[in-house]
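Enquirer: heads up, no residue letters with this:
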């Protein structure tokens, strides 16, 4: 089994989807490691296998919303806030970082301006930026960053389970107590969820806890979700037995993904969430026709099961 690693976001990773029908020991086996499963893509498959296919295999484009991109900006600011000396981590400093974070994002993805606004002079843009500042103000009502010194921020974690399944995900922040206890923090720019969304949020946190258990050999003491829109928090205190059961759940999800990958049988699972799906028009459950299944990708550059920045923004 490959040794687990802990990597910063700036590090590049070469991950490769292998053919689920190929014998890894055979001559056709590729030298790359197996594809990774992220909490977002695992959640997609649980919600709707066809959604997983559209996102991870077909990689169909999805038009971002203002709320999603605002979440990306807020996450960037919260990461950079902790680069300041503790005494300078105040609301005014966070608000001052909003416009530079937006400018950097649009420099990397200039199409965002046209997707979200009529242009850089759109009269709605200043108010949208101000709404990001309001979310940051809410953050200060949940925590005092002057009293915290995180061990890691926006951390990419990667580990391989005993089954060979590679897990990969991004953790917003890790705090370590002098006693060695771990606390994982995840920022959400929406409101505290109802039952269905809460289950997905806890699924994500268990994913991170399991990855850290494999990486560091200890169970995080606390996993905490901070919901900035309504200044609520959700705290989860895992135990090892529960995480080991969750590990078996992830293995089962991956087996099901590989089975669907062999045949292309990624079935839709209609629900109320379909109203928010970018691909509803292509879904056979709604009289749509999906694109022809391209097959399980063999080229490592042809598919990705990783989280996007929108996934991480919450």
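Expert: Thanks, I have it. Not measured: the values here are computed from a predicted model.

Enquirer: And the strands in the stretch 1-150 of the chain, which stretches?
Expert: 5-8, 36-37 (DSSP state E, counting those that start in this stretch).

Enquirer: rank those by pLDDT, which is bottom?
Expert: In terms of mean pLDDT, the lowest-scoring of these is strand 5-8 (a mean of 35).

Enquirer: how far does whichever strand or helix holds residue 244 sit from the chain's center?
Expert: Residue 244 belongs to helix 240-263 when assigned by DSSP states H and E. Its chain's C-alpha centre and that of helix 240-263 lie 18 Å apart, by Cα atoms, centre = their mean, to the nearest Å.

Enquirer: Flag every buried residue along it.
Expert: Buried residues in helix 240-263, counted by 16 or more other Cβ atoms under 10 Å: 243, 246, 247, 250, 251, 253, 254, 257, 258, 260, 261. All C-beta atoms are positioned from the backbone trio N, CA, C, and that covers glycine.

Enquirer: where's the residue nearest to the first one when sequence neighbours are not counted relative to residue 245, distance?
Expert: Nearest non-adjacent residue to residue 243, counting by Cβ to Cβ, 6 or more residues apart in numbering: residue 210, 4.9 Å away. If you measure residue 210 against residue 245 using Cβ to Cβ, to the nearest Å, the figure is 10 Å.

Enquirer: do the same with residue 183
Expert: Taking Cβ to Cβ as the measure, residue 183 falls 22 Å from residue 245.

Enquirer: Need the three-state assignment for residue 199.
Expert: Here residue 199 takes the helix state, with states given by DSSP: H, G, I helix; E, B strand; the rest coil.

Enquirer: Any idea how many residues pack against it?
Expert: Residues near residue 199, counting by other Cβ atoms under 10 Å, number 13.

Enquirer: Any figure for the gap between it and residue 273?
Expert: Counting by Cβ to Cβ, the gap from residue 199 to residue 273 is 12 Å.

Enquirer: could you check the distance from residue 79 over to residue 113?
Expert: 22 Å.

Enquirer: beta partners of residue 152?
Expert: residue 174 (DSSP bridges).

Enquirer: how about low-confidence regions in the stretch 151-300 of the chain?
Expert: Residues of the stretch 151-300 of the chain that meet the criterion pLDDT under 70 lie in 193-197, 299-300.

Enquirer: Skipping adjacent residues, who's closest to residue 42 in space?
Expert: residue 253 is the one closest to residue 42 (Cβ to Cβ, 6+ apart), at 5.5 Å.

Enquirer: Now for that neighbour: which residues touch it?
Expert: By Cβ atoms under 8 Å, 6 or more residues apart in numbering, the contact list for residue 253 reads 37, 42, 45, 46.

Enquirer: Present these as TSV; the columns should include neighbour count.
Expert: Listed next are those as TSV, based on neighbours: other Cβ atoms under 10 Å:
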residue	neighbour count
37	24
42	23
45	23
46	17
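
Enquirer: Kindly reformat these as a markdown table containing distance to residue 66.
Expert: Converted to a markdown table, the contacts of residue 253 look like this (distance: Cβ to Cβ, whole Å):
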| residue | distance to residue 66 |
| --- | --- |
| 37 | 29 |
| 42 | 27 |
| 45 | 27 |
| 46 | 27 |
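
Enquirer: farthest pair in the residues you listed?
Expert: 37 and 46 (11.4 Å; Cβ to Cβ).

Enquirer: What residues does residue 236 make contact with?
Expert: Counting by Cβ under 8 Å, 6+ apart, residue 236 has contacts 202, 205, 206, 209, 222, 223, 224, 225.

Enquirer: Would you confirm that residue 62 contacts residue 278?
Expert: Yes. Counting by Cβ atoms under 8 Å, residue 62 touches residue 278, with 4.2 Å between them.

Enquirer: nearest spatial neighbour of residue 192, skipping sequence neighbours?
Expert: residue 232 is the one closest to residue 192 (Cβ to Cβ, 6+ apart), at 3.8 Å.

Enquirer: Beta-bridge partners for that neighbour, please?
Expert: As assigned using DSSP bridges, the partners bridged with residue 232 are residue 227.

Enquirer: How many residues are close by it?
Expert: Around residue 232 there are 15 residues (other Cβ under 10 Å).

Enquirer: Can you give me the distance of it to residue 182?
Expert: On the measure of Cβ to Cβ, residue 232 and residue 182 end up 22 Å apart.
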